[in-house]
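Asks: sequence and predicted structure are below.
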Amino acid sequence: ENRLNGYTPMDLLQNRFFERAEFVVDTLRKQGYCYLDDFHGEDIALKILSEVKNLHHREKFTDGELVSSNGNGSMLNKKIRDDKIAWIDGKEENCQAISHHMTTVNTLIRFCNGLIEEYDIEHRTKAMVACYPGQGTCYKRHVDNPNKDGRCITTLYYLNPGWTEEKGGMLNLYPGGSEEPVKILPRLDRLLLFWSDRRNPHEVAPSHDVRYAITLWYFDKNERARFRKKQEEEERKKAIFSGQENGSNEGGGN
Ligand SMILES: Cn1c(O)c(C(=O)NCC(=O)O)c(=O)c2ccccc21
Ligand SMILES: [Mn+2]
């Protein structure tokens, strides 16, 4: 049968994922972030981009928040909307290439999970497809998961062919809260991964051209379970409190 010097194509594919996972985990340990270029190869990357643009043209994105366009906060002048997002689970029509991206990153993360003992990664969010419409739109400095909501790894897949720094829109990453940012170019077919917690404050610098990216957040099982339990606890307390509020006595008050 088709054994290539003793390996089947599947073996070679598995090895390739294992090698990349080793590089990713070593680099995450060393600097807290890691990017892989030419992740899918150009033709698949362009297919994913065309599906994202199609989502955009079919108005599947939310409207971004209303922001002033002159940056000094006055809302007097014309308003523009900043980042727009669409949540995709991968089963939607005309999202086959986006779905392929989601399963490919799942496979990479599954290999990484075997090498990271501090997390047990089994689930992720849906894909958040984001579009910055240009005109100086940006995303202020933040931490994705500052308060243990379960997210441990952020993956960002960039879809911007021919992007250059003069277009702005760099991802400024401050690993370990460093003063000087690491500036990541959001170029086509680049997969960036970083720890989602306070180790990685980051911001999107003002963009002067349309800028697309797909985010997948991966959960640590235990942190997520604790967070869900806390959420349910808060829901119960709120329910009891609102029961007492309108004077009803089923809140157990005497
Ligand atoms: C649109 N957008 C984001 O772009 C980033 C983010 O950090 N992006 C980094 C990047 O695109 O390089 C976010 O973290 C984010 C979080 C909640 C809602 C929307 C969000
Ligand atoms: Mn973020």
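Replies: Received it, and whenever you're ready, just let me know what you need. Ligands and ions are numbered 1, 2, ... in the order given.

Asks: from here on, contacts and neighbour counts on C-alpha atoms
Replies: OK.

Asks: how far away is the single nearest residue of the stretch 51-200 of the chain relative to ligand 1 from P206?
Replies: With C-alpha to the nearest ligand atom as the measure, L171 is the residue of the stretch 51-200 of the chain nearest to ligand 1, at 4.6 Å. Using C-alpha to C-alpha, to the nearest Å, L171 is found at 10 Å from P206.

Asks: thinking again about what came up before, wait, isn't the residue of the stretch 51-200 of the chain closest to ligand 1 in contact with R187?
Replies: No: assessed by C-alpha atoms under 8 Å, L171 is found out of contact with R187, at 10.7 Å.

Asks: so what's W195 closest to, chain neighbours aside?
Replies: Closest residue to W195 apart from its sequence neighbours, by C-alpha to C-alpha, 6 or more residues apart in numbering: I153 at 4.7 Å.

Asks: what residues does the stretch 51-200 of the chain put near ligand 1?
Replies: Contact residues (C-alpha under 6 Å from any ligand atom) of the stretch 51-200 of the chain with ligand 1: D83, A130, D144, L171.

Asks: and the helix or strand containing L28, how far out from the chain's middle?
Replies: Following DSSP states H and E, one finds L28 within helix 9-31. Here the centre of helix 9-31 is set off from its chain's centre by 20 Å, with C-alpha atoms, centre = their mean, to the nearest Å.

Asks: likewise for stretch 204-220?
Replies: 7 Å.

Asks: compute the first-to-last residue distance for that stretch.
Replies: 25 Å.

Asks: buried stuff in it?
Replies: Neighbour-count burial for stretch 204-220, with 16 or more other C-alpha atoms under 10 Å as criterion, is recorded at 204-209, 211-220.

Asks: just confirm G176 is within a helix.
Replies: Yes: G176 forms part of a helix when assessed by DSSP: H, G, I helix; E, B strand; the rest coil.

Asks: what's the local residue count around it?
Replies: By the criterion of other C-alpha atoms under 10 Å, G176 has 12 neighbours.

Asks: how deep is M102 tucked in, by neighbour count?
Replies: Neighbours of M102 under the rule other C-alpha under 10 Å: 20.

Asks: so it: helix, strand or coil?
Replies: Secondary structure, three-state DSSP: M102 is helix.

Asks: contacts only, for it.
Replies: By C-alpha atoms under 8 Å, 6 or more residues apart in numbering, the contact set of M102 is G90, A127, L216.

Asks: mind checking which of the residues of the stretch 51-200 of the chain next to ligand 1 are in strands?
Replies: Residues of these located in strands (DSSP state E): A130, L171.

Asks: lowest-confidence entry in the residues of the stretch 51-200 of the chain next to ligand 1?
Replies: Looking at those by pLDDT, the weakest one is D83, with 87.
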